[in-house]
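Student: Following is a predicted model, sequence given first.
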Amino acid sequence: MPDTHPLFEPADPREDAAATQRPPAPKRLPRTAPRPSLWPRPGQRDITEEATGKPGPATAIRAREWEMILASRAIPHSIRRQGSGYRLFVPRRRAVEALAELAGYAAERAAIVLYDPEAEPVRPPVWPAVLAWMGLLTAAWGFMLGETVVFGRRIVWKSLGAGDSALMLAGQWQRAATALCLHADPAHLFGNAASGALFLSLLCRETGLGLGFALTLAAGVAGNVLKVLIQGPGMHFLGASTAVFGALGALGGVRLANQWPPLTFRRSAPAGAALMLLAMLGAGGEDGMAVDLAGHLFGFASGAALGLAAGFWLKRRGEPGTAAQVLWGALAFLSLAAAWGVAVVR
């Protein structure tokens with residue numbers, strides 16, 4: 001018996017042909033003229049070129065500034081985009097007022113130096129002054145290499161001022177400063193003078209000339225005192241290397257304070273570089289004796305502590321002026337002169 005269910009009825013070929021026919025294409029509308037621009041509106045004036053002082057549209061940053069300025073002065077305005085830039089329109093009756101407000105803002109901003117945290121501070125070169133003072137110090141150190149007769153009195157500088165831990169523990173603490181001026185031979189002297197000039201130039205660039213020399217002297221004296229207190233009697237030492245490494249430590253401390261807190265590798269790089277220089281240069285001996293690692297280490301540590309304190313102070317108060325630098329330098333010179341005065345009188 002044939003299946004007469006509707007699902008199994010054969011399809012009509014005429015319906016398939018009608019389904020495959022496409023609908024007729026819509027008729028194209030005739031082209032109309034482009035819509036005329038409504039800008040500038042009647043009564044509006046384009047003051048873009050008058051405000052910028054140059055032809056063409058303004059940048060997005062300048063347009064935002066104009067919008068804030070004019071909105072704060074309740075001047076009606078409109079900013080329209082033109083290509084990659086913007087143009088400013090204001091009512092004609094208030095164009096002069098708007099231009100005056102924009103010019104006043106530009107003049108006020110030009111007089112203000114905006115702080116740039118990434119910019120390095122502009123510092124005058126200090127290395128010529130450092131070289132001049134180091135030249136005078138080198139001449140004085142060379143004068144103390146031998147013996148001197150003053151008013152018929154024979155002065156042996158090394159016996160008066162060389163570092164002796166037993167004598168220092170007995171009360172002659174001025175030797176912590178005078179030992180910095182004495183050297184074993186010319187090679188020892190010029191080596192310390194050259195390295196001292198290098199590190200002092202870098203340190204004084206951060207702190208100023210007078211404060212840099214004061215920090216270096218204080219670090220050298222503190223290093224010698226710590227060495228004697230910790231190691232005890234039985235040591236003899238001389239040379240400015242303790243102060244030289246004190247200058248290196250102070251440089252690292254000041255730079256570390258400027259980049260505080262040192263949470264990144266880049267910020268802690270100055271301290272790491274100073275430690276590397278200590279490891280590379282701190283193995284030099286003095287006077288043919290054993291390597292004075294203790295003096296170098298204590299001088300560096302003292303300089304680092306003093307430099308860190310000075311760096312925080314400079315960060316808060318700023319670099320001292322010329323008068324203050326002269327006072328710091330005079331304090332360092334008078335302290336050293338007083339130490340030698342005590343040594344000669346005793």
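Tutor: Yes, it's here. Note that the structure is predicted; figures quoted are calculated from it, not measured.
Student: so what's Ala330 up against?
Tutor: Residues counted as contacts of Ala330 (CB atoms under 8 Å, 6 or more residues apart in numbering) are Gly210. The way it works is simple: take the backbone N, C-alpha and C, and place the C-beta from them, glycine included.
Student: And it, which helix or strand is it part of?
Tutor: In the assignment (DSSP states H and E), Ala330 maps to helix 322-345.
Student: Can I get that helix as CSV, trimmed to CA atoms?
Tutor: Extracted in CSV, the C-alpha atoms of helix 322-345 (Å, rounded to 0.1, in the frame of the first residue of the first chain):
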residue,chain,number,x,y,z
THR,A,322,79.1,79.2,48.6
ALA,A,323,79.4,80.6,52.1
ALA,A,324,78.5,77.2,53.6
GLN,A,325,81.0,75.4,51.4
VAL,A,326,83.7,77.8,52.5
LEU,A,327,82.9,77.1,56.1
TRP,A,328,83.0,73.3,55.6
GLY,A,329,86.3,73.6,53.8
ALA,A,330,87.7,75.9,56.5
LEU,A,331,86.5,73.5,59.2
ALA,A,332,88.3,70.6,57.5
PHE,A,333,91.6,72.6,57.1
LEU,A,334,91.5,73.9,60.7
SER,A,335,90.9,70.5,62.1
LEU,A,336,93.9,69.0,60.3
ALA,A,337,96.0,72.0,61.2
ALA,A,338,95.0,71.7,64.9
ALA,A,339,96.0,68.0,64.8
TRP,A,340,99.4,68.8,63.5
GLY,A,341,99.7,71.6,66.1
VAL,A,342,99.1,69.2,68.9
ALA,A,343,101.6,66.8,67.4
VAL,A,344,104.3,69.4,67.1
VAL,A,345,103.8,70.9,70.5
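Student: for it, which positions count as buried?
Tutor: Gln325, Trp328, Gly329, Leu331, Ala332, Leu336, Ala339, Trp340, Val342, Ala343 (16 or more other CB atoms under 10 Å).
Student: how deep is the residue nearest to Thr242 when sequence neighbours are not counted tucked in, by neighbour count?
Tutor: Leaving aside its sequence neighbours, Thr242 sits nearest to Gly299 (CB to CB, 6 or more residues apart in numbering; 3.7 Å). Using other CB atoms under 10 Å, Gly299 has 34 neighbouring residues.
Student: Poorly predicted segments of the chain, please.
Tutor: 1-42, 112-123, 260-292 (pLDDT under 70).
Student: Break it into its domains for me.
Tutor: 42-114, 128-345 (automatic domain parsing).
Student: Need the winner for burial among those domains.
Tutor: Mean neighbours per residue, mean count of other CB atoms under 10 Å, is largest over the domains of the chain for domain 128-345, with a mean of 19.
Student: What is the end-to-end distance of that one?
Tutor: 35 Å (CA to CA, to the nearest Å).
Student: Kindly report the same for stretch 182-189.
Tutor: 8 Å.
Student: residues making contact with it?
Tutor: 138, 141-142, 144-145, 157-158, 161-162, 192, 238-240, 286-288.
Student: what's the closest of those to Ala179?
Tutor: Ranked by distance to Ala179 (CB to CB), those are led by Leu238 at 4.9 Å.
Student: you'd agree the closest one is up against Lys158?
Tutor: Yes - using CB atoms under 8 Å, Leu238 is in contact with Lys158, at 6.8 Å.
Student: I'd assumed the residue nearest to Thr242 was in a helix, is it?
Tutor: Yes - per DSSP: H, G, I helix; E, B strand; the rest coil, Gly299 lies within a helix segment.
Student: From Arg73, how far off is it?
Tutor: Using CB to CB, to the nearest Å, we find Gly299 at a distance of 63 Å from Arg73.
Student: so what does the top strand by length along the chain touch, helix or strand wise?
Tutor: The strand that spans the most residues within the chain, counting by DSSP state E, is strand 85-91. Here strand 85-91 touches strand 44-46, helix 48-52, helix 60-72, strand 78-82, going by 3 or more CB pairs under 8 Å, 6 or more residues apart in numbering; DSSP states H and E.
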